[in-house]
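Colleague: pasting the sequence and the predicted model now:
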Amino acid sequence: MRRFAEPLVGQRANPRPLLFRGARLVDPAADTDTPGDLLVVDGRIVAAGPGIAAPEGAEIIECAGAVLAPGLVDMQVHTGEPGLEHIETLASASMAAAAGGVTTMACLPTTNPVIDDPALVDFIQRRARDTAIVNVVPIAAATRALAGEDMTEIGLLRDAGAVAVSAGRRSIANAGLMRRLLTYTRNFGVLVMHEVEDRDLAGSGVMNESEAATRLGLAGIPSAAETVMLDRDLRLAALTRGRYHASQLSCADSVAAMRAAKAAGLAVTCGVSVANLTLNEYDIGAYRTFLKLRPPLRGEDDRTALVAALADGTIDVVVSNHDPQDVDTKRQPFAEASDGAIGLETLLAAALRLVHAGDIALPRLLAALSTRPAQLLGLPGGSLAEGAPADLVLFDPGAPWVVEASALSSRAKNTPFENARMQGRVLRTVVAGRSVYEYAVT
């Protein structure tokens with residue numbers, strides 16, 4: 001049985017103290033993994049360790065060895081609000097986030113209208129306070145209407161509450177504009193998030209360019225479409241010293257370029273979608289449009305290169321790339337279907353596949369899901385240290401379950417993991433010391 005909290009209109013409540021007893025405390029910020037208890041008072045962590053006494057009136061949660069970790073911070077979330085509420089709202093996305101252990105979601109400006117004005121940044125914040133049950137932070141558009149032509153008023157957007165700027169689903173083709181953007185944002189310390197794909201090279205491609213695409217009779221997207229754009233951006237980042245983040249890498253050549261840039265001392269970062277970490281082009285099977293993604297699923301060699309890069313720290317963050325699509329746009333021939341898949345609710349469970357396979361240690365994975373994205377966006381959290389916000393996830397990494405699209409909380413149901421067997425279930429999600437989601441076996 002799943003239980004969600006009601007939104008608290010206007011502000012978060014100060015609930016009674018919470019004592020998590022007998023948990024496996026995994027703190028990726030400190031790279032620790034130890035048994036113990038954790039006490040939350042007034043929305044903050046006040047103590048963590050063995051044998052903590054419960055204060056008067058505290059709610060005691062018996063964890064029975066389940067993992068207690070900082071809540072996930074997902075910095076790649078598309079929502080439909082404003083303008084496309086029939087696909088997804090901030091409320092429905094926040095429920096999916098809570099069920100997946102995500103306590104903060106950073107929403108991209110791919111709405112209608114585009115979030116390119118301080119008033120719209122303020123709208124997202126107010127709407128989230130009134131309807132969402134997790135933290136919601138807006139990412140503003142880097143260019144007006146995401147047209148890739150004129151920069152937005154980035155200083156005003158930052159002052160209004162935007163935590164970063166993004167070009168949305170498309171790359172900025174104009175190198176001169178990208179240079180000015182990185183130079184200008186440097187003065188404000190604003191992070192520039194950029195999808196790396198040369199659309200001219202990608203052409204009419206709909207999946208990875210490979211033998212698999214040829215066998216399916218589908219046009220391919222070469223990995224060069226990504227690496228050419230990434231190489232350009234890295235050179236511009238070196239020139240401007242702006243804060244640059246490649247939102248999603250998908251191939252081994254991009255990993256090599258990012259690794260070299262970091263070795264050269266550039267302060268650049270990058271992310272990867274959990275789908276690109278755990279699936280490959282052969283999962284598309286018989287034209288399964290729920291696996292038509294951007295960037296596309298690549299070959300197995302690319303996938304293993306991404307996993308290795310995550311393990312060694314070359315890749316900084318793991319994201320859901322939550323991108324809800326309408327049934328009418330997905331139930332189409334593969335070449336005509338829209339790109340994108342939902343992912344908030346399956347982010348943690350899918351990522352745990354890498355832990356179960358022995359490819360990555362749990363603290364390192366959680367660092368990429370919580371600590372590092374919080375740092376990049378300048379947000380508190382990602383830690384179990386005393387005084388940190390009590391944004392927490394309690395999960396059983398060994399609990400099996402099957403993904404049923406109809407049971408997911410998102411309004412859209414276009415999950416690439418439909419009917420997949422998962423191992424790892426979220427038992428409780430806590431935001432500011434308040435339980436917003438609980439799972440109980442009935």
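Modeller: It's in. Given the structure is predicted, the values throughout are model-derived calculations rather than measurements.
Colleague: next, the distance between the ends of stretch 230-249.
Modeller: Stretch 230-249 has its terminal residues 9 Å apart, counting by Cα to Cα, to the nearest Å.
Colleague: then stretch 310-325?
Modeller: Between the opening and closing residues of stretch 310-325 there is a gap of 28 Å (Cα to Cα).
Colleague: for the record, mean pLDDT for it?
Modeller: The pLDDT scores in stretch 310-325 average 98.
Colleague: ok, and for it, which residues are buried?
Modeller: 310-311, 314-325 (16 or more other Cβ atoms under 10 Å). Every C-beta, even on glycine, is put in place using the N, C-alpha and C of the backbone.
Colleague: could you do stretch 191-204 as well?
Modeller: Applying 16+ other Cβ under 10 Å to stretch 191-204 flags 191-198, 201-202 as buried.
Colleague: cool, stretch 147-157 as well?
Modeller: Neighbour counts over stretch 147-157 (16+ other Cβ under 10 Å) mark 148, 151-152, 154, 157 as buried.
Colleague: same question for stretch 126-138.
Modeller: Going by neighbour count (16+ other Cβ under 10 Å), the buried part of stretch 126-138 is 127-129, 131-138.
Colleague: how about stretch 350-360?
Modeller: Those would be 350-355, 360, for stretch 350-360 by 16+ other Cβ under 10 Å.
Colleague: what residues does it touch?
Modeller: Outside stretch 350-360, the residues that touch it by Cβ atoms under 8 Å, 6 or more residues apart in numbering are 274-275, 277-278, 307, 310-311, 318, 343, 361-362, 365, 369, 397, 417, 420, 422-424.
Colleague: CA atoms only for that stretch, dumped as CSV, please.
Modeller: C-alpha atoms of stretch 350-360 as CSV (Å, rounded to 0.1, in the frame of the first residue of the first chain):
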residue,chain,number,x,y,z
ALA,A,350,16.9,1.3,-12.1
ALA,A,351,20.2,2.8,-10.9
LEU,A,352,20.5,0.1,-8.3
ARG,A,353,21.0,-2.5,-11.1
LEU,A,354,24.6,-1.2,-11.3
VAL,A,355,25.1,-1.9,-7.6
HIS,A,356,23.6,-5.4,-7.8
ALA,A,357,25.8,-6.1,-10.8
GLY,A,358,28.9,-5.1,-8.8
ASP,A,359,29.7,-2.2,-11.2
ILE,A,360,29.6,0.6,-8.7
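Colleague: check the offset of it from the chain's centre.
Modeller: Computed by Cα atoms, centre = their mean, to the nearest Å, the chain-centroid distance of stretch 350-360 equals 17 Å.
Colleague: what's the average pLDDT for that stretch?
Modeller: 98.
Colleague: among the buried residues of stretch 191-204, which two are most distant?
Modeller: Within these, two members stand farthest from each other by Cβ to Cβ: L191 and L201, at 25.8 Å.
Colleague: what segments of the stretch 251-400 of the chain are strands?
Modeller: All strands of the stretch 251-400 of the chain, identified by DSSP state E, counting those that start in this stretch, fall at 268-273, 317-319, 392-402.
Colleague: can you redo the ones you listed as JSON lines with distance to V121?
Modeller: What follows is the strands of the stretch 251-400 of the chain, written out as JSON lines (distance: least, Cβ to Cβ, whole Å):
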{"stretch": "strand 268-273", "distance to V121": "22"}
{"stretch": "strand 317-319", "distance to V121": "21"}
{"stretch": "strand 392-402", "distance to V121": "27"}
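Colleague: deepest-packed of those, please.
Modeller: Compared across the strands of the stretch 251-400 of the chain, strand 317-319 shows the largest average neighbour count, a mean of 28 (mean count of other Cβ atoms under 10 Å).
Colleague: quick one: contacts of that strand?
Modeller: With contact meaning Cβ under 8 Å, 6+ apart, strand 317-319 is reached by 74-76, 247-248, 269-274, 277, 310, 347, 351, 365, 368-369, 372-373, 376.
Colleague: circling back to that earlier point, grab the two from the buried residues of stretch 310-325 that are most spread out in space.
Modeller: Distances among the buried residues of stretch 310-325 were taken as Cβ to Cβ; the most separated pair is A311 and Q325, at 31.3 Å.
Colleague: where do the helices sit along this protein?
Modeller: Assigned by DSSP state H, the helices in the chain fall at 90-99, 118-131, 154-160, 175-186, 199-202, 211-216, 224-240, 252-263, 274-278, 300-312, 327-330, 347-356, 362-366, 372-377.
Colleague: which stretches of the stretch 1-150 of the chain aren't confidently modelled?
Modeller: For the stretch 1-150 of the chain, the stretches with pLDDT under 70 are 8-14.
Colleague: run the last query once more with 90
Modeller: 1-16, 54 (pLDDT under 90).
Colleague: still on that earlier bit, which of the strands of the stretch 251-400 of the chain sits closest to E59?
Modeller: Once those are compared by Cβ to Cβ, strand 392-402 is nearest, at 12.9 Å.
Colleague: if we can go back for a sec, could you dump the helices of the chain into CSV and include distance to S410?
Modeller: As requested, these are arranged in CSV below (distance: least, Cβ to Cβ, whole Å):
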stretch, distance to S410
helix 90-99, 5
helix 118-131, 15
helix 154-160, 27
helix 175-186, 32
helix 199-202, 27
helix 211-216, 28
helix 224-240, 27
helix 252-263, 29
helix 274-278, 15
helix 300-312, 25
helix 327-330, 13
helix 347-356, 12
helix 362-366, 23
helix 372-377, 20
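Colleague: if you compare the ones you listed, which one is most tucked away?
Modeller: Of all the helices of the chain, helix 90-99 carries the top mean neighbour count, a mean of 28, counting by mean count of other Cβ under 10 Å.
Colleague: by contact count, what packs against it?
Modeller: Helix 90-99 makes packing contacts with strand 2-4, strand 72-77, strand 102-107, helix 118-131, strand 421-431, strand 434-439 when contacts are defined by 3 or more Cβ pairs under 8 Å, 6 or more residues apart in numbering; DSSP states H and E.
Colleague: could you rerun that using 7 Å?
Modeller: Here helix 90-99 touches strand 2-4, helix 118-131, strand 434-439, going by 3 or more Cβ pairs under 7 Å, 6 or more residues apart in numbering; DSSP states H and E.
Colleague: so what touches that helix?
Modeller: Helix 90-99 has contacts (Cβ atoms under 7 Å, 6 or more residues apart in numbering) with 2, 4, 7, 74, 77, 79, 81, 105, 127-128, 131-134, 136, 344-345, 408-411, 426, 429, 436-437.
Colleague: P389 and R44 touch, don't they?
Modeller: Yes: here P389 reaches R44: they are 6.1 Å apart, a contact under Cβ atoms under 7 Å.
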